[in-house]
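Trainee: would you be able to build a 3D model of this:
(4 chains)
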4 protein chains.
Amino acid sequence: MPGSAFGTLFRVTTFGESHGLGLGAVVDGCPSGIQISEDVIQQYLDLRKPGQTKYSTPRKEADSIRILSGVFEGKTTGTPILLLAQNETQRSSDYSELALCYRPGHADYTFDKKYGFRDYRGGGRSSGRETLGRVAAGAIAAEFLKTLGIELCAYTKTIGSVCCQTDDYHTLLLAENASLSQPLLDRISAEGLQALRAKKLGSPLFMPDHAASRLAEDKLSEAMMQKNSMGGIIECIISGLPAGIGEPVFDKLDAKLAQAICSVGAVKGFELGSGFAAAASNGAENNDNFTSADGQIRKLTNHAGGILGGISDGSDLVFRAAFKPTPSIFSEQQTVTQDGTPLTLQVKGRHDPIIVPRAVAVIEAMAAITIADALLVNMGTRLEHIQKFYETKERIGSLYEHQK
Amino acid sequence: MPGSAFGTLFRVTTFGESHGLGLGAVVDGCPSGIQISEDVIQQYLDLRKPGQTKYSTPRKEADSIRILSGVFEGKTTGTPILLLAQNETQRSSDYSELALCYRPGHADYTFDKKYGFRDYRGGGRSSGRETLGRVAAGAIAAEFLKTLGIELCAYTKTIGSVCCQTDDYHTLLLAENASLSQPLLDRISAEGLQALRAKKLGSPLFMPDHAASRLAEDKLSEAMMQKNSMGGIIECIISGLPAGIGEPVFDKLDAKLAQAICSVGAVKGFELGSGFAAAASNGAENNDNFTSADGQIRKLTNHAGGILGGISDGSDLVFRAAFKPTPSIFSEQQTVTQDGTPLTLQVKGRHDPIIVPRAVAVIEAMAAITIADALLVNMGTRLEHIQKFYETKERIGSLYEHQK
Amino acid sequence: MPGSAFGTLFRVTTFGESHGLGLGAVVDGCPSGIQISEDVIQQYLDLRKPGQTKYSTPRKEADSIRILSGVFEGKTTGTPILLLAQNETQRSSDYSELALCYRPGHADYTFDKKYGFRDYRGGGRSSGRETLGRVAAGAIAAEFLKTLGIELCAYTKTIGSVCCQTDDYHTLLLAENASLSQPLLDRISAEGLQALRAKKLGSPLFMPDHAASRLAEDKLSEAMMQKNSMGGIIECIISGLPAGIGEPVFDKLDAKLAQAICSVGAVKGFELGSGFAAAASNGAENNDNFTSADGQIRKLTNHAGGILGGISDGSDLVFRAAFKPTPSIFSEQQTVTQDGTPLTLQVKGRHDPIIVPRAVAVIEAMAAITIADALLVNMGTRLEHIQKFYETKERIGSLYEHQK
Amino acid sequence: MPGSAFGTLFRVTTFGESHGLGLGAVVDGCPSGIQISEDVIQQYLDLRKPGQTKYSTPRKEADSIRILSGVFEGKTTGTPILLLAQNETQRSSDYSELALCYRPGHADYTFDKKYGFRDYRGGGRSSGRETLGRVAAGAIAAEFLKTLGIELCAYTKTIGSVCCQTDDYHTLLLAENASLSQPLLDRISAEGLQALRAKKLGSPLFMPDHAASRLAEDKLSEAMMQKNSMGGIIECIISGLPAGIGEPVFDKLDAKLAQAICSVGAVKGFELGSGFAAAASNGAENNDNFTSADGQIRKLTNHAGGILGGISDGSDLVFRAAFKPTPSIFSEQQTVTQDGTPLTLQVKGRHDPIIVPRAVAVIEAMAAITIADALLVNMGTRLEHIQKFYETKERIGSLYEHQK
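Mentor: Reported below is the predicted structural model:
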């Protein structure tokens, strides 16, 4: 529990500093039999890769991950999977000035206070580069979820004050996909999710509303000229999750998601379903009434965001994460050195003017890891399921059969 | 890790159903030597006790906790502390109808899907009554924090659309306490916290802005007449926390707080410092510049909310939780029975028209537990601190001294 | 992880001091649907109850457990189960002298060094009475295992130098149950286990070899006259466990059993299968060859004790625990007070001259808890099993069915 | 908790298969400021390196570890340390036959039953080669312990029936080091430990009794000629550990050591202090009386092995581990294939005729990791220590000082 590991049964430990020799993750407790390869993981990593648009750092990073253990003949073996990216470019000189002073909005000061000193090169352990290990591990989780019919889609909802026009992803989808059958109620359809994903990938900022995306691009260009940076909100939808997942009280599915999401650097807020807006709502409006459709119990609306009492209710999971503006800005800032001497700092190097688009893959990864873990933990919940499981696995009674 | 326990070293496990024989908590890993008594715990519990104003359920609950283990001669012994409230009133008949149908906005449906059946009396395990164990355990955590100079104060920030006039608690305090010295920068003063706490206790809704409180009372009365309910936002300030607390990456102090807070029933969102507003801000505005004051490194502002890179920065911790409106409303709602048959439901019983004021004590409790745990985990961080610790405890070298 | 909890998914936390107001356990993560009652638990507790023979303390203990939560209409609900025994007799005066001095072989000194002070009444937290909570929690685990066809039987193997004549429980059983079919190979039969259990219960010392039992009784009477005490070895057999249980590397099934068993007070050693004797053996003798019988893979012998590479192999699990002699003896002993002053101590009170027979139920309980947890953790191991599980639980694909 | 990680605060996760691309460990929660280098770790690894004597496999292994993260300018930073050995020689052809059949005494069968398939090359994950990661991580733990004056020494106590002449390491030392002052009582001296370590390193089998060592070498040569293998017992002494370490009940220091030690492949038993012999002893003999020496409380004997009630008592820790004979023997054995077809197997490849000498470093490593973790967890035990810690770290009260 010393901080760099997450998950009870599907357990991810990340390691590595921005400018060290290597970074990545170990995935312990991954079920055996999942088809995985470096190529598949790379597809996930490519979504967080820098240098792809003018809104992300032109820095080239060696984001290629190698699988060093836990996979045999193309499938996971159930043993720990080491995912390693060795660092190549180590242009640390940009950072030498930072050894002694504290960048506003960064963890330099707090790492020094906690550990007595720090690897100051490129933010060291608190660099956004640490999320490479998260995305690689999340790729395995997402591939696992797919085999159970569970899909995730995160996208940029707002950048600064520019918000995707349609607040409701259902409406967005229906407007553009007339063929989608009504009523969607509390779940996006499989085609709907595909459509949403396609729209998202059509924007360099991963905003499915392309008009909003173009407006946000203008705002970003403006901010960059002013040596400033912007923040934004990412929304994530998880579809296909069966009801009953999540452990009540402290390990509620939303509580674990909140931890997972707020553990991503620069995240300042998390909300589920109607979120903060629920606080200004009233019970009659905010409650989701139950109904029956095609022999299933469903909800007429989904203000809950797919979780009731910490347990998934079979509706889509919908949550949002608020990101602060990139703290590395190129305008002058006031700060101090380790001994408290005031200093005017002008950050150098190559930095994203906005974190949000590259963080979309990270949010999906953390959500996938959280859900994968919850699915495994949930398996031991009901006696009848456990009995059926062990009967299916191997008829336990047969242990004595030969004696009869 | 099956859900009802929280914390790595200071570990709280709650147990109990709303209408079972008893409920409470076990606190394992509590340091020895903390002065604690049932009377002290009762003071914390009184803040969440129902039936004190017309805005909380008139239901009488046996909220008196007994300490059955782990305390000897008035002090914690370091062994597990059992905190037990035995239930007295068990008027379950109100709930018999609920055995078969699912209340909108409640966990009835999801518990059935997860466990196959449920203790339906009064919400069973997912009842707000479960928080009694949290508050009792949180009382011990808060008393522990006090001995280290760390104080917490949570209060109602908004009810529905009514918000405490002053968004900034510093301004609020300065306006009413002219004697408080300037500049406060990133920390409330000890007197300031006392003043804030006094203002909060002066309102039946725990709103320190009394004008706002009166307005909110009107809105609540109106909602009650309409058989409706309201939501709101609680803000919590933690002062006196040293810099360096919290473990980077997945156990960031804000991530653990997010889990702790989102594990409270009816919470739909969590934010730290500038929170969701940060998403619409820009880097130049949102970064907190460092300065030097009285030989200490301080921040000129506190948009970060007291945490940088997951580690406390010595400023006040400031976070907010959004609560949905009470789902138990007295107007008619549409729902279904276990087999999917539609049903018009009119909830009976005694229910709070708003959860927020009674939840203030719960938020403080969860924050105290999280901080207490983080302080203990942090102790093993630096070799020089560990060496000093074990030297202070007992000179290790002296083990061989008699041989000289 | 602060010490009083055990298990990852099936998680037991014990609490309580010997002479406090109450003690017991919370079981978190227990599957829903297990039939359990106070009466059933009492049957397990009766096996560790004092005062039943002249070889156990004549002390009367209020060993009756109440279930305060987590059980509804006779079945576990999946929520935490509070098992509470309130203490009645609190004759603490026997212990007043012990407040200041350290009993040899007890934890008085180490508790003082760790916590600064201690609840000295009757050993406080380190009293054998703490095991009451373990046995109550173990009863639930054992009832759960029964529903999967898994049975446990522990018994006294040696007392002092008196050992059950037959070192091999198979031979013992075959000799007395001619009807048992040959060959048993690596597993006891269901009837064999029943026979073993019956023999064990026929001895006041729980020794299935009754001649050895009578000899041991004589030795014990002798030791009691000399104000001395004796130790012994308990053997435990677990039958019906499917192959594949246990997690490799650090959570090997034998490693977790070793922790569970060595966490019982007075245990000084643990061994599995051929155990310490294996160290003096050779590979050709000690290896268990595989064979095929009735369509199953079996082992010709079971020196391994049912675990290979930390994972159950389908054979019976066989392990042993060595108990030291009761440290509370009535002859004079040399010790010191808190400040180091030498003292001649004569222990008063009522103490077992041997711990072993009463500990048999405790060993079974710890084994049952360990196995129950391992079975739940194991469920998330293989993709094909997980897919089958969630298909069985509810066809995931059907989430989209209504749209077709 | 999926099996490949150990420790609560000082947490080691190993990864890697015998013939995969790489193996090693991640150490999360290591305190910052510990001086460590690849060279220092190599010294520890050299003690388990194969091919050094004729009693270990002539196989050459690329046992060189690289540190890829968590160390900066020669010191640990407090962030996860990745220790990686990339595999070079991958002569897997020896193992192709093993893909389909199960070697007696190995984990082939159980891995197949658990995971559905396995990486069969060289034992895959269950290979002894996995311990390389443990020894590398243990090296860091041991270096940390040294800075606190805590030293470990494990050595071969028996091989087959050949036992180090002197059962008591104190006597051994005194006999050969007349200058060591009397009485040692319950602790070896610093010089004594050095002497013991020197004697151990003087034997190719790490037996400090060189006459016994020579006899054991003869027996081993004989076993090798007979295509057979041998087992043995390792004893480990930990000196300098302060009293008060270890958490009562389930995380007793001996219980965690038992888990750590029994998690090492081929270990079939664990005992502390007088161990299994205590079962045949009596209370008067086995109790260690307390005394006072040079102002300290000490024990006149150390049958307890340095732990009372799960907490260290300030005496030396003394424990033993029993190892079974190497299961890979070159004589013919009976086994079956995956489908149960009988098969006569003759193991090929290069295998140690005895595991014990190479396992000495592994036992030391696991002990060091266990003790390091226990020391960190213990820091949060007493309020007065915590207060002193945070006062020392930074005067908490001073947060408000500037306002005065």
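Trainee: from residue D:230, how far out is the residue of the stretch 51-200 of chain A found nearest chain B?
Mentor: Across the stretch 51-200 of chain A, no residue is closer to chain B than residue A:107, which sits at 2.3 Å (C-beta to the nearest C-beta). No exception for glycine: its C-beta is placed from N, CA and C like everyone else's. Look at residue A:107 and residue D:230: by C-beta to C-beta, to the nearest Å, they are 54 Å apart.
Trainee: one more: residue A:27?
Mentor: Going from residue A:27 to residue D:230 by C-beta to C-beta gives 38 Å.
Trainee: what's the burial count for the residue of the stretch 51-200 of chain A closest to chain B?
Mentor: By other C-beta atoms under 10 Å in any protein chain shown, 27 other residues sit near residue A:107.
Trainee: cool, the one 4 residues further on as well?
Mentor: For residue A:111, the number of neighbouring residues by other C-beta under 10 Å comes to 29.
Trainee: is chain B contacted by stretch A:129-141?
Mentor: Yes - contact between stretch A:129-141 and chain B, assessed by C-beta under 8 Å from any C-beta of the partner chain, occurs at residue A:130.
Trainee: could you export that stretch as CSV, CA atoms only?
Mentor: What follows is stretch A:129-141, C-alpha atoms only, in CSV (Å, rounded to 0.1, in the frame of the first residue of the first chain):
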residue,chain,number,x,y,z
ARG,A,129,5.1,10.3,-18.4
GLU,A,130,4.3,8.0,-15.5
THR,A,131,0.9,7.5,-17.1
LEU,A,132,2.5,5.5,-19.9
GLY,A,133,2.6,2.5,-17.5
ARG,A,134,-1.1,3.1,-16.7
VAL,A,135,-2.2,3.2,-20.3
ALA,A,136,-0.2,0.0,-21.1
ALA,A,137,-1.7,-1.8,-18.1
GLY,A,138,-5.1,-0.3,-18.9
ALA,A,139,-4.8,-1.8,-22.5
ILE,A,140,-4.7,-5.3,-21.0
ALA,A,141,-7.7,-4.5,-18.7
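Trainee: quick one: mean pLDDT for that stretch?
Mentor: If you average the pLDDT over stretch A:129-141, you get 97.
Trainee: not counting sequence-adjacent ones, nearest residue to the closest residue to chain B within the stretch 301-404 of chain A?
Mentor: For the stretch 301-404 of chain A, the nearest residue to chain B under the criterion C-beta to the nearest C-beta is residue A:309, separated by 2.3 Å. In this structure, residue A:309 finds its nearest non-sequential neighbour in residue B:107, 2.3 Å apart by C-beta to C-beta, 6 or more residues apart in numbering or on different chains.
Trainee: so the one you found touches residue A:312, yeah?
Mentor: No - Residue B:107 lies out of contact with residue A:312 (C-beta atoms under 8 Å); the separation is 11.2 Å.
Trainee: check the stretch 151-300 of chain A for the residue nearest chain C and tell me.
Mentor: Closest contact between the stretch 151-300 of chain A and chain C, by C-beta to the nearest C-beta, is at residue A:294 (3.7 Å).
Trainee: which helix or strand contains the residue nearest in space to the middle of chain A?
Mentor: Nearest to the mean C-alpha position of chain A, by C-alpha atoms, centre = their mean, lies residue A:363 at 1.6 Å. Using DSSP states H and E, residue A:363 sits within helix A:356-378.
Trainee: do that helix and chain C meet at all?
Mentor: Yes - counting by C-beta under 8 Å from any C-beta, chain C is contacted by helix A:356-378 at A:375, A:376, A:377.
Trainee: can I get those in JSON lines including distance to residue C:54, neighbour count and pLDDT?
Mentor: Below are the residues of helix A:356-378 next to chain C laid out as JSON lines (distance: C-beta to C-beta, whole Å; neighbours: other C-beta atoms under 10 Å in any protein chain shown; pLDDT from 0 to 100):
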{"residue": "A:375", "distance to residue C:54": "55", "neighbour count": "26", "pLDDT": "98"}
{"residue": "A:376", "distance to residue C:54": "51", "neighbour count": "27", "pLDDT": "98"}
{"residue": "A:377", "distance to residue C:54": "49", "neighbour count": "28", "pLDDT": "97"}
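Trainee: pick the one among those closest to chain C.
Mentor: When the residues of helix A:356-378 next to chain C are ranked by distance to chain C (C-beta to the nearest C-beta), residue A:376 comes first, at 3.3 Å.
Trainee: the closest one reaches residue A:30, doesn't it?
Mentor: No - counting by C-beta under 8 Å, residue A:376 does not reach residue A:30; the two are 9.6 Å apart.
Trainee: need the overlap of contacts for the two.
Mentor: By C-beta atoms under 8 Å, 6 or more residues apart in numbering or on different chains, residue A:376 and residue A:30 have these common neighbours: residue A:10.
Trainee: what is the neighbour count of residue A:295?
Mentor: Using other C-beta under 10 Å, residue A:295 has 10 neighbouring residues.
Trainee: and for the one 5 residues further on?
Mentor: Residues within reach of residue A:300, counting by other C-beta under 10 Å, total 16.
Trainee: now do the same contact list for it.
Mentor: Neighbouring residues of residue A:300 by C-beta under 8 Å, 6+ apart: A:185, A:186, A:288, A:289, A:290, A:291, B:334.
Trainee: mind checking the backbone torsions on the nearest residue to the last one once chain neighbours are set aside?
Mentor: Among residues not flanking residue B:334 along the chain, residue A:289 sits closest, at 4.2 Å (C-beta to C-beta, 6+ apart). When read as degrees, to the nearest 10, the backbone of residue A:289 gives phi -70, psi 150.
Trainee: surely residue A:289 and residue A:297 touch.
Mentor: No - contact criterion C-beta under 8 Å: residue A:289 and residue A:297 do not qualify, at 11.3 Å.
Trainee: distance of the residue of the stretch 51-200 of chain A closest to chain B from chain D?
Mentor: Separation of residue A:107 from chain D (C-beta to the nearest C-beta, to the nearest Å) stands at 12 Å.
Trainee: picking that back up, surely the residue of the stretch 301-404 of chain A closest to chain B is in contact with residue B:263?
Mentor: No - Residue A:309 lies out of contact with residue B:263 (C-beta under 8 Å); the separation is 10.9 Å.
Trainee: between those two, who's got more neighbours?
Mentor: For residue A:309 versus residue B:263, the count of surrounding residues by other C-beta under 10 Å is larger for residue A:309: 27 against 23.
Trainee: wait, what's in contact with that one?
Mentor: Contact analysis of residue A:309 by C-beta under 8 Å, 6+ apart lists A:248, A:252, B:106, B:107, B:110, B:111, B:126, B:265.
Trainee: rerun at 6 Å
Mentor: Residue A:309 makes contacts with B:107, B:110, B:126, as judged by C-beta atoms under 6 Å, 6 or more residues apart in numbering or on different chains.
Trainee: and what of residue A:186?
Mentor: With contacts defined as C-beta under 6 Å, 6+ apart, residue A:186 is in contact with A:298, A:299, A:302, A:315.
Trainee: now tabulate those residues in CSV and tack on neighbour count, secondary structure and distance to residue A:122.
Mentor: What follows is the contacts of residue A:186, written out as CSV (neighbours: other C-beta atoms under 10 Å in any protein chain shown; DSSP: H, G, I helix; E, B strand; the rest coil; distance: C-beta to C-beta, whole Å):
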residue, neighbour count, secondary structure, distance to residue A:122
A:298, 22, strand, 49
A:299, 26, strand, 46
A:302, 23, coil, 41
A:315, 26, coil, 42
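Trainee: include distance to residue B:211 and pLDDT when you put the residues you listed into CSV, please.
Mentor: Converted to CSV, the contacts of residue A:186 look like this (distance: C-beta to C-beta, whole Å; pLDDT from 0 to 100):
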residue, distance to residue B:211, pLDDT
A:298, 44, 90
A:299, 39, 92
A:302, 36, 93
A:315, 40, 94
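Trainee: pull the most distant pair out of those.
Mentor: Spanning the widest gap among these are A:298 and A:302, at 9.7 Å by C-beta to C-beta.
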